[in-house]
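Enquirer: Next come a sequence and a model predicted from it.
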Amino acid sequence: MRTIGIIDIGSNSMRLVIVQISTNNSYRIIDDVKHSVRLGKDMLPNGNLHPIRMQRAIETLQFYKTLCDAIKTDSIIVVATEAIRKASNQKEFLELIYNSTGLSVRVLEGEEEAYYDYFSIANSFNMTENLIMDIGGSSTELIWMKDRKVQRMVSLPFGTISISEQLNEAKGNIFAREKTITNKLIQTYHELGWLPHGKALIGIGGSFRNIAKINKKRSFYPLEMSHNYYLSSENVQDIHRLVTNTPAHRRKDIRGLSSERSDIIWGATTAINALIMYCGISDVYVSGHGLREGVIFEEILHGLNPVKDVLDYSINNLISNINLNKNHAFHVWELCKSLFEQLKSLHELEESTLRILKTAALLHDIGINISYYDHHLHSFYIILNSQINGLSQQEVLMAAYTAASHRKDKVKIDSVHKGILQEKEIDTIHKLGVMLRISEALDRQMNKNITAVDCLIEEDRVTLKLTSTSQHELESKEALDTSGEFQKEFGKRLFVL
């Protein structure tokens with residue numbers, strides 16, 4: 001087990017994440033701290049970092065070093081991006097950091113920063129081709145990912161702070177200023193010559209997460225998680241218009257907008273809106289991961305290739321960090337998969353729902369870590385709040401409800417979630433829940449006694465023929481307890497032999 005501190009010195013904020021990495025390459029975050037230092041703001045005419053900003057950065061790094069020492073980290077990795085990268089007094093500042101804290105800072109080149117962004121996305125999103133945008137305080141990284149590999153990437157020397165300063169300094173009314181800067185941004189994007197058109201955009205950074213929060217408040221979205229949150233391009237453009245039309249001194253009153261970003265959000269939405277227009281983007285996804293997670297995955301994977309299956313890795317990582325009967329969990333999943341395949345003509349569910357069932361089956365008992373009693377309800381909460389990668393937020397919610405169904409006939413869908421789950425999704429949850437409950441019943445002794453299930457589908461009934469290593473009366477009875485729900489969801493009576 002290694003405990004590593006990773007410090008990201010950004011142009012707008014500084015962040016420390018402390019991660020424990022096990023010998024089996026699983027990991028867990030044990031602390032995460034962020035401070036808004038604005039190192040890239042108020043740069044001096046000679047290109048030097050401002051002394052007050054530097055002093056704030058030193059004080060923050062001393063705090064982070066003390067925290068890492070208290071937790072007894074084995075090592076501390078410190079990386080810096082555009083503000084230090086372009087500073088005329090970079091060498092002097094790095095020496096000051098070392099003399100004040102003992103920390104050595106690695107200043108990333110623009111493409112190195114972009115690569116870490118890519119690596120975090122490739123290991124946390126189940127997408128094969130998309131455009132990635134990381135807009136920081138003083139730089140913006142763009143990465144074109146295809147077949148989960150980098151096709152092209154670039155780091156551009158502008159970000160939320162610098163664009164906001166240009167918008168505030170430009171002449172004319174706010175709409176003329178915004179149009180002038182937007183045209184310059186579009187020209188910059190055009191000159192790259194390789195940006196893909198019509199692809200989904202994945203956004204990295206606090207500005208994207210803040211845009212997501214604003215949209216959640218506007219739409220009364222009930223889930224708190226930010227990773228893989230979806231917005232249409234129209235949602236983003238509506239928020240950009242809201243920010244543009246709101247006087248600077250009133251932007252802090254926009255619901256969902258962090259007060260520390262109220263003075264730079266205009267620069268962020270302007271750059272994002274320009275990219276959406278130029279690339280013809282329709283779909284935008286917000287990442288909860290970024291550069292720091294890219295560094296973590298580099299430490300774990302020791303190479304250039306991302307994990308083979310994002311969902312599998314995410315589930316296995318979660319299982320490795322908790323107390324769970326793995327043999328039972330994986331056997332229940334095998335039984336679920338068998339039922340899903342054999343009952344296709346009855347459930348008529350899309351193949352993609354198998355990933356929801358897999359998540360629910362493998363994690364259905366995770367709630368026991370809180371309490372055995374009502375553990376199916378605890379499983380719901382843990383699955384919903386464990387940031388499972390490779391599923392959409394809707395699919396994570398469906399997996400949580402499916403897992404909660406393994407000990408009850410039917411779990412009531414909370415009214416706050418009915419804006420996310422329509423009738424089709426609720427029907428899917430009920431059908432998957434019945435299959436999970438049967439499968440869990442067939443391994444009730446947790447000894448893999450039932451080795452196979454054959455489904456005989458007849459006109460008015462479905463018969464489950466069990467193959468077992470010994471007598472299976474208990475398992476048969478447990479499975480038959482689902483007969484009422486089975487008939488309701490699948491339209492046939494259930495028998496077990």
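Expert: That came through fine.
Enquirer: okay, CA-based contacts and neighbour counts for the rest of this
Expert: Will do.
Enquirer: Ranking helices and strands of this structure by mean pLDDT, which lands last?
Expert: Ranking every helix and strand in the chain by mean pLDDT, DSSP states H and E puts helix 160-169 at the bottom, with a mean of 90.
Enquirer: Straight-line length of stretch 477-494, end to end?
Expert: Terminal residues of stretch 477-494 are spaced 12 Å apart (C-alpha to C-alpha, to the nearest Å).
Enquirer: Work out the gap between it and the centre of the chain.
Expert: Stretch 477-494 sits 36 Å away from the centroid of its parent chain (C-alpha atoms, centre = their mean, to the nearest Å).
Enquirer: ditto for stretch 68-77
Expert: With C-alpha atoms, centre = their mean, you get 25 Å for stretch 68-77.
Enquirer: In it, which residues are buried?
Expert: For stretch 68-77, a neighbour-count test (16 or more other C-alpha atoms under 10 Å) marks 68, 73, 76, 77 as buried.
Enquirer: Likewise for stretch 346-362?
Expert: For stretch 346-362, the neighbour count (16+ other C-alpha under 10 Å) marks 347, 349, 353, 354, 355, 356, 357, 358, 359, 360, 361, 362 as buried.
Enquirer: which one of those residues is nearest residue 400?
Expert: residue 360 (6.5 Å; C-alpha to C-alpha).
Enquirer: The closest one: what's it in contact with?
Expert: 399, 400, 402, 403, 436 (C-alpha atoms under 8 Å, 6 or more residues apart in numbering).
Enquirer: pLDDT score assigned to it?
Expert: As predicted, residue 360 sits at a pLDDT of 98.
Enquirer: Was I right to think residue 161 contacts residue 12?
Expert: Yes. Between residue 161 and residue 12 there is a contact under C-alpha atoms under 8 Å: 7.4 Å.
Enquirer: between those two, what contacts are shared?
Expert: Common neighbours of residue 161 and residue 12, using C-alpha under 8 Å, 6+ apart, are 40, 41, 137, 138.
Enquirer: I'd like to know how many residues surround the second one.
Expert: Okay, so that is residue 41. Neighbourhood size, residue 41 [other C-alpha atoms under 10 Å]: 18.
Enquirer: got it, and the last one?
Expert: Taking other C-alpha under 10 Å as the criterion, the count of residues near residue 138 is 25.
Enquirer: what pLDDT does it get?
Expert: Value for residue 138, per-residue pLDDT: 89.
Enquirer: re earlier: for residue 161 and residue 12, indicate the residue with more neighbours.
Expert: Higher neighbour count among residue 161 and residue 12: residue 161, with 27 against 24, using other C-alpha under 10 Å.
Enquirer: if I pick the closest residue to the more buried one other than its chain neighbours, what's in contact with it?
Expert: Of all residues not flanking residue 161 in the chain, residue 137 sits nearest, at 4.9 Å (C-alpha to C-alpha, 6 or more residues apart in numbering). Contacts for residue 137 (C-alpha under 8 Å, 6+ apart) come out as 10, 11, 12, 13, 38, 40, 158, 159, 160, 161, 162.
Enquirer: May I see the residues you listed organised as JSON lines, with distance to residue 4 added?
Expert: Formatted as JSON lines, the contacts of residue 137 follow (distance: C-alpha to C-alpha, whole Å):
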{"residue": "10", "distance to residue 4": "19"}
{"residue": "11", "distance to residue 4": "23"}
{"residue": "12", "distance to residue 4": "23"}
{"residue": "13", "distance to residue 4": "20"}
{"residue": "38", "distance to residue 4": "25"}
{"residue": "40", "distance to residue 4": "26"}
{"residue": "158", "distance to residue 4": "31"}
{"residue": "159", "distance to residue 4": "29"}
{"residue": "160", "distance to residue 4": "29"}
{"residue": "161", "distance to residue 4": "30"}
{"residue": "162", "distance to residue 4": "32"}
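Enquirer: Would you map the strands across the stretch 351-497 of the chain?
Expert: Using DSSP state E, counting those that start in this stretch, the strands found in the stretch 351-497 of the chain span residues 450-457, 461-468, 493-496.
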